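J.: from the sequence below, what's the structure:
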Amino acid sequence: MCFTQEKTLTRKVAELFVVFHLEKDYEKDEILEIYINNMYFGNGYYNINDAAEGYYNKTPSDLTLFEASLLAGVPNAPSVYAPTTNLTLAEQRQSQVLDAMVKYKYLSFDEAEEIKNMQETRQK
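T.: Numbering: from 1, shown residues only. Down below sits the predicted model:
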């Protein structure tokens with residue numbers, strides 16, 4: 001958000017100062033909100049609100065868990081994982097997101113499997 005992609009020691013040191021400043025002034029949830037509202041989701045969508053509206057014609061709070069978990073994987077590589085670019089790859093990435101959510105106990109195994117079954121149903 002503040003720096004180029006240049007890989008230099010000066011940039012890394014500057015990033016550390018920004019991180020210390022952010023953590024001093026903001027709670028973790030606020031930092032996550034700032035991050036999510038400034039990341040690229042493909043197709044010209046530069047925040048979660050635009051992505052939810054553009055891909056699903058919904059607000060983020062109205063997304064289903066299937067839709068939200070699909071969008072969660074997009075910023076990793078928007079040119080590859082955007083649902084309009086390659087839905088199969090997007091759903092493979094979604095499975096990785098769901099597995100991580102189970103690992104860190106945000107979802108049960110059964111809930112994740114139910115969403116993965118929705119992928120399979122859509123593909124038939």
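
J.: switch to C-alpha atoms for all contacts and neighbour counts from now on
T.: Noted.

J.: what's near enough to touch the nearest residue to Leu63 once chain neighbours are set aside?
T.: The shortest distance from Leu63 to any residue other than its chain neighbours is 7.2 Å, reached at Ala52 (C-alpha to C-alpha, 6 or more residues apart in numbering). Applying C-alpha atoms under 8 Å, 6 or more residues apart in numbering, one finds that Ala52 lies in contact with Lys58, Thr59, Pro60, Leu63.

J.: for Ser69, see how far away the last one is.
T.: Distance check for Leu63 against Ser69: by C-alpha to C-alpha, to the nearest Å, it reads 9 Å.

J.: ok, the two, which is more surrounded?
T.: Ser69 (22 against 16; other C-alpha atoms under 10 Å).

J.: who touches that one in this structure?
T.: Residues counted as contacts of Ser69 (C-alpha under 8 Å, 6+ apart) are Gln94, Val97, Leu98.

J.: let's see 6 Å
T.: Gln94 (C-alpha atoms under 6 Å, 6 or more residues apart in numbering).

J.: could you do Gly73 as well?
T.: Counting by C-alpha under 6 Å, 6+ apart, Gly73 touches Arg93, Gln94.

J.: please apply the same query to Tyr81.
T.: Tyr81 sits next to Val74, Leu89, Ala90 when contact means C-alpha under 6 Å, 6+ apart.

J.: mind putting the residues you listed in a markdown table, neighbour count included?
T.: A markdown table is the format used below for the contacts of Tyr81 (neighbours: other C-alpha atoms under 10 Å):
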| residue | neighbour count |
| --- | --- |
| Val74 | 24 |
| Leu89 | 16 |
| Ala90 | 24 |
